[in-house]
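1. Just to be clear, the model below is a prediction. Sequence and coordinates:
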Number of protein chains: 2
Amino acid sequence: MAIISVGTMAFDAIETPFGKTDKIIGGSATYVAYAASHLTRPLQQISIVGYDFPKEELESLKKRGVQLTGVEVVPDKKSFFWSGKYHLDMNTRDSLATDLNVLEDFNPVVPDTYQGADYLMLGNLMPSLQMSVIDQLKIRPKLVMLDTMNFWMETAMDDLKKVLKKVDVLTVNDSEVRQLSGEYSLVKAAHAIFKMGPKYLIVKKGEHGALLFSHNDVFFAPALPLEDVFDPTGAGDTFAGGFIGYLAHVGKTDFEAMKTAIIYGSAMASFCVEKFGTQRLKEITQGDIRERLKKFVQLVNFDIRL
Amino acid sequence: MAIISVGTMAFDAIETPFGKTDKIIGGSATYVAYAASHLTRPLQQISIVGYDFPKEELESLKKRGVQLTGVEVVPDKKSFFWSGKYHLDMNTRDSLATDLNVLEDFNPVVPDTYQGADYLMLGNLMPSLQMSVIDQLKIRPKLVMLDTMNFWMETAMDDLKKVLKKVDVLTVNDSEVRQLSGEYSLVKAAHAIFKMGPKYLIVKKGEHGALLFSHNDVFFAPALPLEDVFDPTGAGDTFAGGFIGYLAHVGKTDFEAMKTAIIYGSAMASFCVEKFGTQRLKEITQGDIRERLKKFVQLVNFDIRL
């Protein structure tokens, strides 16, 4: 089933303890697309790029079933650019540059050909833009998923609360869910979030895995312990892409399906961090994904008689 | 099968955001005993207490199948006392008082009646004392498990390295395993630890669960997300007691059995933190434990077709 995915397509320059890149392709919607397109088609992208965004990159996405009708190309401006340096623990980073460029003018428009999509992935963006996409849809999707971050909680909390009312699944990290809910306990935080609108909450904890909460249930997904996390950039977006990609593939939106979807998301994220940027996501095959999923089964599988 | 358990029996005074206790019963060997005795018997305790340690507490342990022949009672000294205050995140704490008292004279002696035990739990103590217990055993146990902490890495690293050569399972938290191995990646840290002696490594990560490493395998156990962590004191020892208690119950020492044992340890630890001190561990029934284990199964169980 079709997924509409809204987010950034950008350039990143990344420094980690393992090395340094020049400008490489990044952006939340790019990672979502590379992850989800391994699992389902079509992906209907809504984004904005400048004159400098490589044509080959757009072609590479098209070949993977990513529709680009909703991607605006601005002829006289540069693409969004972010540069950052990770600390030794790989969990914290400093932003060295954030050049909004085309992103200053981003006003997402949903093409007519995208209308009727069953899944909507709202990548981390200004909440009013996320809301504008929801408002343009003539039929409400079966599942609306939203990613956001602390920056919007500090600068646009009212708009964020408005869009949260329209959302089924919220995905944030543990410090962000504590900030948004005002609760330290993640269980209490989840119930505070449910009062804001979402019916499901995914708490991303990086190397510690992820938690999925519904009103009555909770599921804990591990992260695969890796020898080295080479570059964590895009891991959260890749996780989201794998999650919604699996749900669209099976056409479901219930808690049981979401549990499996989280494992798919975790598996895709575990590939993402193995190389810089989107490189590893471009290389992997269906066989690689199957092998990785097997590792996740082994990682949590135990025998208990009750 | 019998478990010899060596560690402290003590008084604690604890302050958490939820309240404050006067002197209550604590100590690593106490928590191990309350956890393990729900799963197997006998537990053969080696510890030291002062004249002030309550007789009723010793009777309560005896009723649970805990043998106290190896517990020295010093008639003219007080029991070990620790007092601490937890911060709001419950992961960090300040020690307010550490009165060694009888612990200054602790020289563990293995009673003849304990010889031949199949399992040995070496609670967090000075490494030379842990070594002395191993040296006194006429037959090597099937499984030797050791808990330690950063303090001994800073003050007695040589002795710690000596005793590690004799150990099957090392259990420490994530920052301690990084300190001991000099590796940030937990996968690399595990392989560095294996070169020091242990064949298995358990990395305790508190609210993020635990990882079990062997040379070829890894297993990830979740922590149950709780509304409130009331008092984390003793959770790590309770985890260890549940782990080794289950293994002694089934008489096994292989990786598959350890996976299930970790779930038992996590379940016991999830009870421990629900009330101050050992209170909750004293109350729970076999039915409570079974219900809690079911929650762990639900927490990680997913359906995937490969």
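-> In hand now; what should we look at?
2. From what I see, A:Leu170 and A:Pro198 are in contact.
-> Yes: counting by C-beta atoms under 8 Å, A:Pro198 is a contact partner of A:Leu170 at 4.2 Å. Any C-beta I mention is one placed from the backbone N, CA and C, and that applies to glycine too.
3. Against chain B, how distant is A:Leu88?
-> Separation of A:Leu88 from chain B (C-beta to the nearest C-beta, to the nearest Å) stands at 7 Å.
4. How about the secondary structure of that residue?
-> Here A:Leu88 is recorded as coil under DSSP: H, G, I helix; E, B strand; the rest coil.
5. count of neighbours near it?
-> The number of residues packed near A:Leu88 is 9, by other C-beta atoms under 10 Å in any protein chain shown.
6. Can you name the residues of the stretch 51-200 of chain A that neighbour chain B?
-> Within the stretch 51-200 of chain A, the positions near chain B by C-beta under 8 Å from any C-beta of the partner chain are A:Leu88, A:Asp89, A:Tyr184, A:Ser185, A:Leu186, A:Val187, A:Lys188.
7. out of those residues, which are buried?
-> Listed as buried from those are A:Ser185, A:Leu186, A:Lys188; burial here means 16 or more other C-beta atoms under 10 Å in any protein chain shown.
8. Whichever strand or helix holds A:Phe151 packs against which elements?
-> In this assignment (DSSP states H and E), A:Phe151 forms part of helix A:150-155. Contact here means 3 or more C-beta pairs under 8 Å, 6 or more residues apart in numbering or on different chains; DSSP states H and E; on that basis helix A:150-155 packs against helix A:157-164, helix A:174-181.
9. Just send those back as JSON lines, with mean neighbour count and distance to A:Cys272 too.
-> Listed next are the helices and strands packed on helix A:150-155 as JSON lines, based on neighbours: other C-beta atoms under 10 Å in any protein chain shown; distance: least, C-beta to C-beta, whole Å:
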{"stretch": "helix A:157-164", "mean neighbour count": "17", "distance to A:Cys272": "26"}
{"stretch": "helix A:174-181", "mean neighbour count": "19", "distance to A:Cys272": "19"}
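10. Quick check: which of those is nearest to A:Ile244?
-> Distance to A:Ile244, taken as C-beta to C-beta, is lowest for helix A:157-164 among those, at 17.0 Å.
11. What is that closest one packed up against?
-> helix A:127-136, helix A:150-155, helix A:186-196.
12. Relative to B:Thr113, how far out is whichever residue of the stretch 51-200 of chain A sits closest to chain B?
-> Residue nearest to chain B within the stretch 51-200 of chain A (C-beta to the nearest C-beta): A:Val187, separated by 4.8 Å. Per C-beta to C-beta, to the nearest Å, A:Val187 is found 46 Å from B:Thr113.
13. hmm, back to that, would you turn the helices and strands packed on helix A:150-155 into JSON lines with mean pLDDT?
-> Below are the helices and strands packed on helix A:150-155 laid out as JSON lines (pLDDT from 0 to 100):
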{"stretch": "helix A:157-164", "mean pLDDT": "98"}
{"stretch": "helix A:174-181", "mean pLDDT": "96"}
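14. Could you dump the ones you listed into CSV and include distance to B:Val32?
-> Listed next are the helices and strands packed on helix A:150-155 as CSV, based on distance: least, C-beta to C-beta, whole Å:
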stretch, distance to B:Val32
helix A:157-164, 45
helix A:174-181, 30
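15. right, so of those helices, which gets closest to A:Leu103?
-> A:Leu103 lies closest, by C-beta to C-beta, to one member of these: helix A:157-164, at 16.6 Å.
16. so that closest one versus helix A:127-136, what angle?
-> 30 degrees (axes from the mean of the first three to the mean of the last three C-alpha atoms, to 10 degrees).
17. List the contacts of helix A:157-164.
-> A:122, A:126-128, A:130-131, A:134, A:146, A:148, A:152-153, A:170, A:180, A:193, A:196-198 (C-beta atoms under 8 Å, 6 or more residues apart in numbering or on different chains).
18. Which helix or strand lies directly C-terminal to the helix or strand bottoming out on mean pLDDT in chain A?
-> Lowest mean confidence among the helices and strands of chain A (mean pLDDT, DSSP states H and E): strand A:19-20, at a mean of 90. For strand A:19-20, the succeeding helix or strand toward the C-terminus, using DSSP H and E, is strand A:24-26.
19. what's the average pLDDT for that next one?
-> For strand A:24-26, the mean per-residue pLDDT is 97.
20. by contact count, what packs against it?
-> Partner elements for strand A:24-26 (3+ C-beta pairs under 8 Å, 6+ apart): strand A:10-16.
21. Can you check which helix is longest in chain A?
-> Longest helix of chain A, by residue count under DSSP state H: helix A:255-272.
22. got the buried residues for that one?
-> By 16+ other C-beta under 10 Å, the buried positions in helix A:255-272 come out as A:255, A:257-272.
23. Tell me which stretches of the stretch 1-150 of chain A form strands.
-> Using DSSP state E, counting those that start in this stretch, the strands of the stretch 1-150 of chain A run over A:3-6, A:10-16, A:19-20, A:24-26, A:43-50, A:66-74, A:80-86, A:93-99, A:119-122, A:143-147.
24. Give me the residues contacting the fourth one.
-> Around strand A:24-26, the neighbours that count as contacts under C-beta under 8 Å, 6+ apart are A:9-14, A:54, A:57, A:82, A:233-234, A:276-278.
25. List the neighbouring strands of that strand plus their orientation.
-> Paired strands of strand A:24-26, with direction, are strand A:10-16 (antiparallel) (DSSP bridges).
26. contact partners of the strand it pairs with?
-> Residues outside strand A:10-16 that contact it (C-beta under 8 Å, 6+ apart): A:20-27, A:30, A:49, A:52, A:79-86, A:90, A:96-97, A:103, A:230-233, A:276-277.
27. quick one: buried residues of that strand?
-> Quick answer for strand A:10-16 (16+ other C-beta under 10 Å): A:Ala10, A:Phe11, A:Asp12, A:Ala13, A:Ile14, A:Glu15, A:Thr16.
28. swap in stretch A:200-220?
-> Buried residues in stretch A:200-220 (16+ other C-beta under 10 Å): A:200-214, A:218-220.
29. Filter those down to just the ones in helices.
-> Among the buried residues of stretch A:200-220, DSSP H puts none in helices.
30. before we move on, the earlier item: run through who's touching the helix holding A:Phe151.
-> Against helix A:150-155 from outside (C-beta under 8 Å, 6+ apart): A:Asn124, A:Met126, A:Pro127, A:Asp159, A:Leu160, A:Ser175, A:Glu176, A:Gln179, A:Leu180.
31. ok, the third one touching A:Met149?
-> No: distance between A:Pro127 and A:Met149: 10.6 Å, which falls outside the contact criterion (C-beta under 8 Å).
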